[in-house]
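When you get a sec, could you give me coordinates for this:
(chains A, B and C, ligands or ions: 6)
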Amino acid sequence: METIHTDVLVIGGGLAGLRAGLAARKRGQQVIILSLVPPKRSHSAAAQGGMQASLGNAARGGGDNEDVHFEDTVRGSDWGNDQEVARMFVHTAPKAVRELAAWGVPWNRVQQGPHAVVMDGQRVTLTESAAAHGLITARDFGGTKKWRTCYVSDGTGHAMLYAVSDQTIAAGIPVHERMEAVALIHDGGRCYGAIVRNLIDGRLLAYVARATCIATGGFGRIYQSTTNAVINEGIGAAIALETGVVPLGNMEAVQFHPTAIFPAGILVTEGCRGDGGLLRDVDGHRFMPDYEPEKKELASRDVVSRRMEAHIRSGKGVASRYGPHLWLDITLLGAAHIEHKLREVKEICHYFLGIDPARQWIPVRPAQHYSMGGIRTDAHGQAYGLRGLFACGEAACWDLHGFNRLGGNSVAETVVAGMIVGEAIADFCASPDGDMQVSTALVRETWAKASAEFSAIADNRSSEDANQLLRRMQTLMSEQVGIVRQGDQLAAAVAELEQLIQRCRQVGLRTTRAGANPELTTAWRLQRMLKLAQCVAYGALQRTESRGAHFREDYPRRNDAEWLKRTLATWPDGEPTRPRLDYEALDVARMELPPGWRGYGARDAIEHPATALRQAEIEAIRASLGNADRHAVQQALMPYRHLLPPHLRGLNARIGEER
Amino acid sequence: MIPLLRRRPTAGQPRRLTLSILRCNPADPASVPHLQDYELDEADGMTLFIALNDIRAHQDGSLQFDFVCRAGICGSCAMLINGRPGLACRTLTRDLGDHITLAPLPYFELIGDLSVNTGKWMRGTSERLQTWIHSTTPVDLDALEARMEPAEAEAIYELDRCIECGCCIAGCGTAQMREGFVGAVGLNKIARFRLDPRDQRSDADFYELIGDDDGVFGCMSLLGCHDLCPKQLPLQTQIAFLRRKMAALGLR
Amino acid sequence: MTPLNPSPERHDLLAASTAETTPLAVASVASRAKPGKSRWPARLDLLQSLSGLLLALFLMAHMAFVSSILISHDAFYTVARFFEGAYFLGKPYPILVSGVVAGVLALFVGHAWLALRKFPAGFRQYRAFVAHKNRLRHGDTSMWWLQVWTGFALFFMATIHLYQMLMNPSLIGPYESADRVWTGNLWPLYLLLLFAAELHASIGLYRLALKWGWFDASDPNRSRRRLRWVKHGLSAFFITLGLVTLGAYIDLGRAHAEHAGERYVPASQSAPAASGRH
Ligand SMILES: Cc1cc2nc3c(=O)[nH]c(=O)nc-3n(C[C@H](O)[C@H](O)[C@H](O)COP(=O)(O)OP(=O)(O)OC[C@H]3O[C@@H](n4cnc5c(N)ncnc54)[C@H](O)[C@@H]3O)c2cc1C
Ligand code: HEM
Ligand code: HEM
Ligand code: SF4
Ligand code: F3S
Ligand code: FES
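Ligands and ions are numbered 1, 2, ... in the order given. All right, here's what the predicted structure looks like:
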C-alpha cells in the first residue's frame, strides 16, 4: 500500500476545490488536489451564464449592494438557507470577482453610452454611465432585482476555472489527476485523509492528511435527464455519507433547469431568457405570462421549470419521438447578438441539434441541474460529524442556497467558499486541532476494506448488470422524484430504490481488463449513487410541504410552522437500505429577513409562530437606529463579519459609494 | 409558423453503423494495438458520445474513453475520427459514413483504447510557458477593479477560449516529429497573456519562453491546428503575430 | 507509478518559501535575468524566409527573362547582353553573370541549409510525419511535404544548372541556350526543374504570407482562401509559361541542331539574310 502524506488533501479540482487549495497553500500549508479528470475539465467550466456579485456598475445594476443581493438570495432559497452564510457570501462575492479580474478573467466591461437590449420581448435602449466605463458589467439572470451577473461572454465558468487553475499551477500545487477518492480514513471522530483509486492503473493508495476537503461538485447523474457532466456522480458526498457520522443536508432540494436542449439535456444558458428569449408551446403561444404575469420567463428557475412541466402536462407540449418538449425562441435577439453574446448557444444548437437559433426555435425541456444539498457544514466549511473534514462548492450544504439557488450564485459560491473555507482549513492546520495522531492500522484497515469492496465486484460473475440498474435508477428519479412530486409516487420510488440497493450488492462484471476496468468503476459507483438517490427520495417523501425547488403536488404550500428546518441524512452502518433522517431547525429569532412572500409565485405559506415576533423586533431595531448607515443597521440585525477571515472583512467599494 | 427540426428524410430503417475502434491497454503487457469492430443501429441525433456509451453499456463494458461535459466545452473527448482529430461528443453520426474508425489522439501518452493523457501534457506546458498572469501589483480586494476597454476584454476572451483538447497538437505535423514543440495551444496561450494588460511581462520575457525552434520558430505553418481547432481559435494569425514580435527581438 | 503532475520537486521548493502575503504567481516577473535565450533562432527564421523570398522573386524575374525568347530571338539576346553589362559598360562582361550566379548560388545554398533544419531528422521523424500526413488528409500539411521533396530535388537539379551558368556565363543566347537544351540534352532536367521550382516557390510564397501574417485583412480565413488561389495561379502561370518557353527552346534547338555550337548574331549586327527565324 502506497501512502502519501500532506497537510491538506482537497478532493475535487473544480472551482471550489482549486480555490480552497490555493487559499490553504498561500498560508503555507502543503496541499494536494485530487481530481477525476484534469482540473480544467471539471464541470465548473460549463457555467455559461455568469457569477453574481453586487458591483452595481451596469446601468441596470445601479443601486445594487450586498443588502439587495442578500434579499434576493434568501427569497430565492425560500427561506431555507442559512442567513449568516448568505451574508458572508454576498459580502465576499465582489471581492472574489475583483480577485478573479486581477488573475486574468476577461470579464465583460461596461461600454459607456446607449446600447440596445431586448427585455421582456421589447427592444429597450439603456444608457451606461461614463463613470462606469471599463468596469465589470453585469447581465440579467433569472430571479434577481438588479442586473448583477458578471459574465465573460458565455464562457464564464471556463474563464474562471482556467484563471484559478493557472493560479494553482503558479503556486506549484500538485493536482493528482485521474484519481478518485473512494473512502475517507476516519475513526468516527476525526478524518485523516482518504483512500484513493488511480483511474489509470486501478490501484488503491492512501492519502493521509491533517485536513481533508471535499469539493466534488454535484450529483446530477442520479437523474436520467440532467445538465450535469457525466462525472457528476456525487461520489464525494457519498463517501462522506458512508462514514456513517457525516450528515448530508437537504438532499431533497434538487434544482431543475428550465432550458436544457431536448433530448440531449445540454443546457442553454439562462442568459437566453435574460437577454429576451421567450418560451413557446406547441401553438407557438408564449405561455409564461399566463402563469407569471409579472416575471414571465424571468421568474426563478423552479417556478419556470414547474410551469413548463405543468404546461406540458396540460397537453401543450410538442410531441416527438423522445417525448414532449417546448420551444425556446431567441430568434428575436438577432443574429448579431447571438453570434456575439450567445455564441456557445449557437454552437450547441449547431453541433447537437443541427439548427440555427437565429432562425429556428430550440426544443427544450427542464432537466436536473443543481444539487442544493450536500455535505452539511458550518459557516467555516467544517463538516458536521468529523473533525478535520471540510467541504465546499456544490458538494457541500454550506447552506447558501436553501431550497433553491439563484442562477449565478453557485459559481460565485465556489470561489467565495473556497476563499473562506480554505482559510478555515489553514487555521485548523495551524491550530492544535490540526495535529494528528493516526494509527497505521486504521489506514491499512480502511484500505483493505475499500480493496475488498472492489474485489467483491470484480470477482463476481453474477448476471446482475450494473448498467441496467443504473438506468433504472435514473429513470425512476426523473419520473418520480423530479420537478413535480407526490406522496404515493415518492413512496413507490423509495421502495423500488430499496430493492435496487439490495440488488446492486450482487452486481457482477462481464469483462476483465488489467488496470482500471470502466465496468468495475461503474458498478462500484452505482452502489454509492443509489444511496444518494435514496437520500433524495426519502427526504422528499418525508418533507410534506413545498419549498423552493421541492414541490409536492399534495402539499403545495410552504409550511414554515413545521418545516422551517434542514434535513440531515446519515447512513449508519446498521441501516441497510435507507438513511436516517434528522432535522435541524432554522432559528427565525436570529434571521435578518424573517420568512415572507418571495415576491413571485403563490402567497400562501403557513407562517412560523416566531415570524411575527421577529418581524416586530426588526422594526424596533430599525426604528431605534434612525438614519444610521446600512452597514450599522445590518450589524445590529444579524452580525456576521466575525465569521469571515480578517482580510475579507473590509467594505466593498462601488462607484458613488464611499468606503 | 413553427420552424421544424431539420431531420433527414425518414427512410424507414435506421442505418447500421460499424465502429472500428483501435484498442490497446498499456496496463496489460500482452495487449497489442488492434482494431475491433462494433455494430449498432443509428438513432436520430446520435453523437459519438451516445454511440460509444451505448457500446459500453451493451456490448463491451471494458471499452475506455473519456467524456466529461458531453457538450463540447471541456475538451476531454478529442480522438481521431476517421483519422482526423475532433471532439467525439459533438460529432453527429449522421455526418459520417456507415463505417467509422476511431483511434486515440496520437502524440499524447496512451491510457487505454481511446483515452489519452492530455491533462498531464497540458499541465507540463502550462508550467513550462508560465501561463498565468504575472503581476507585481498587489490586489486590493476592497477597491474598484482596474478598468479595461470592453473591446480589449473581448479580445482576450477570444484567445482564452481554448479548451486544451489537444486537437491542434494531434493535427500538427511538427509536433509529430519534434516532441519538445509547444504547439499551437502553447503559442496561443502566450498570445493570450501577451495581449492581457494585467500581465506585466515584456516581449523579452516571452522570448525566453518561446524564442526557439521548440517555440514559435519551430512552427512550419502547417495550419492543421488552425483548421482542426474545435473552438475555431484564430491560431494562424496569432502565431504569425507572435512570430513577428519575437523575430523583431532578433533584429535588435 | 501514480500519475503525478510533472514537478513534485517544485512543490517542495515552494513549500519552504511561501510567505502569506505575496501573491504566489508574481514572484517570477522581475527575478528573471535579462540576457537569456539566444537571438539566433529568430534571425535564422528571418533569414530562411528572406532567402526564400529573394529566390522566389529571382525565379519570377528569371522566368520573365528566359521567356523573352518567345518575343523574339533578339529580345532574348538583348536581355542576355544586358546582364553582361553590355549597355552600360560598352561591351559584355560575362563575368558579371557569373557574379550574379554566384550570388544566387550562395543564397540558394544558404536557404537550403536553413530549410534543412526543418527536414525530418531521422527515420523516426520521417515515418511519424508520413503517417500523420496520410491520416490527416490536410491540404497545407501535404503541401509542406511537397515542398520538402521539391526542395530536396531542387538541391540537386538546380545545382547542376547553376554550375553550368557559373562556368559558361557567356553561352547564353538564343542558339546557345537552345543547343544546350536540345543538343546538350538538358531539356529533361529543365522539365523537372521547372515543376519543382515553380511548385516549391509558389507554395513557399503562400506559406510565407501565412507565416508572417501578411494580407490578413479583416477575415484571415477568407484571405487565406484567396492566397491559396493566388498560389495555384502562380504555379499554373509560371509552369505554363515555362513549358511554352521550354518548347520554344526545344524547337529552336532541334532546328539548330546541325549548327550546334554556332553563336547567335542579332539581326542588327549581321546581313539581313542571315537573320530571322529558322
Ligand atoms: C450546464 C451548467 C451550467 C451552469 N451554469 C452556471 C452559471 O451560469 N452560473 C452559476 O453560478 N452556476 C452555474 N452552474 C453551476 C455551477 O457550475 C456548479 O455548481 C459549480 O461549478 C460547481 O463547482 P464545484 O467546484 O463545486 O464542482 P465541479 O466543478 O463539478 O468540480 C468537481 C471536481 O471534483 C472532482 N471529483 C469528483 N468526485 C471525485 C472523487 N470521488 N475523487 C476525486 N475527485 C473527484 C472532479 O474531478 C472535479 O474536478 C452550472 C451548472 C451546469 C451543470
Ligand atoms: C529556387 C530555389 C528555391 C526557392 C525559390 C525557394 C523558396 C522558398 C520559400 C519562399 C520558402 C518559404 C520560406 C519560409 O517558410 O520561411 C521556402 C521554404 C522551404 N524551402 Fe525553399 N526555395 C528554394 C530552394 C530550396 C532548396 C534547394 C531546398 C532544400 C534543400 C529548399 C527547401 C525548403 C524547405 C524545406 C522549406 C520549408 C521551410 C519551412 O517550412 O519552414 N528550398 N523555399
Ligand atoms: C543566376 C542564376 C541563373 C541564371 C543566370 C539562369 C539562366 C538560365 C537560362 C539562360 C536559361 C535558359 C536555358 C539555358 O540557357 O540553359 C534558364 C532556364 C531555366 N532555369 Fe535558370 N538560371 C539561373 C538560376 C536558376 C535557378 C536558381 C533555378 C531554379 C531553381 C532555375 C531554373 C530554370 C529552369 C526551370 C529553366 C528552364 C526554363 C523553362 O522551362 O522555360 N534557374 N536559366
Ligand atoms: S488551441 Fe484549439 S485545438 Fe488546440 S487545445 Fe486549444 S481548443 Fe484545442
Ligand atoms: S499545425 Fe503546427 S506547424 Fe504551426 S501552424 Fe499549426 S503549429
Ligand atoms: S466531453 Fe467535453 S468536449 Fe466532449
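
Which residues are in contact with the closest residue to ligand 4 within the stretch 351-500 of chain A?
Going by Cβ to the nearest ligand atom, ligand 4 is nearest to residue A:351 of the stretch 351-500 of chain A, at 14.3 Å. Any C-beta I mention is one placed from the backbone N, CA and C, and that applies to glycine too. Residue A:351 is in contact with B:72, B:90, B:92, counting by Cβ atoms under 8 Å, 6 or more residues apart in numbering or on different chains.

try 7 Å
Contact analysis of residue A:351 by Cβ atoms under 7 Å, 6 or more residues apart in numbering or on different chains lists B:72, B:90.

That one belongs to a helix, doesn't it?
Yes - applying DSSP: H, G, I helix; E, B strand; the rest coil, one finds residue A:351 inside a helix.

Distance check, it against residue B:89.
9 Å (Cβ to Cβ, to the nearest Å).

Give the residues shared as contacts by the two.
residue B:72.

ok, how many other residues are close to the residue of the stretch 251-400 of chain A found nearest ligand 2?
The nearest approach of the stretch 251-400 of chain A to ligand 2 comes at residue A:347, 32.6 Å away (Cβ to the nearest ligand atom). Burial of residue A:347 is recorded as 19 neighbouring residues (other Cβ atoms under 10 Å in any protein chain shown).

List the residues that contact the residue nearest to it when sequence neighbours are not counted.
Among residues not flanking residue A:347 along the chain, residue B:72 sits closest, at 6.7 Å (Cβ to Cβ, 6 or more residues apart in numbering or on different chains). Contacts for residue B:72 (Cβ under 7 Å, 6+ apart) come out as A:347, A:351, B:87, B:89, B:90, B:230.

The fourth one: how many residues sit nearby?
Using other Cβ under 10 Å as the criterion, residue B:89 is surrounded by 27 other residues.

Run through chain A and note the low-pLDDT ranges.
Applying pLDDT under 70 to chain A picks out residues A:120-121, A:142-143, A:321-322, A:658-659.

ok so, going back, and the residue of the stretch 251-400 of chain A closest to ligand 2, what helix or strand is that in?
Using DSSP states H and E, residue A:347 sits within helix A:343-348.

how much space is there between the residue of the stretch 251-400 of chain A closest to ligand 2 and residue A:461?
Per Cβ to Cβ, residue A:347 is found 45 Å from residue A:461.

repeat for residue A:217
Applying Cβ to Cβ to residue A:217 and residue A:461 gives a distance of 34 Å.

And those two? Which one has more around it.
Set residue A:217 next to residue A:461 and count neighbours by other Cβ under 10 Å: residue A:217 wins out with 31 against 8.

what's next to the helix-or-strand element of chain B with minimal mean pLDDT, contact-wise?
Lowest on mean pLDDT, DSSP states H and E among the helices and strands of chain B sits helix B:48-58, with a mean of 94. With contacts defined as Cβ under 7 Å, 6+ apart, helix B:48-58 is touched by A:467, A:518, B:17, B:19, B:38, B:40, B:63, B:65, B:67, B:70, B:77, B:81, B:88-89, B:91, B:93.

now the residue nearest in space to the middle of chain B: how far from residue B:80?
Centroid-nearest residue in chain B: residue B:165, 2.4 Å away (criterion: Cα atoms, centre = their mean). According to Cβ to Cβ, residue B:165 stands 12 Å off from residue B:80.
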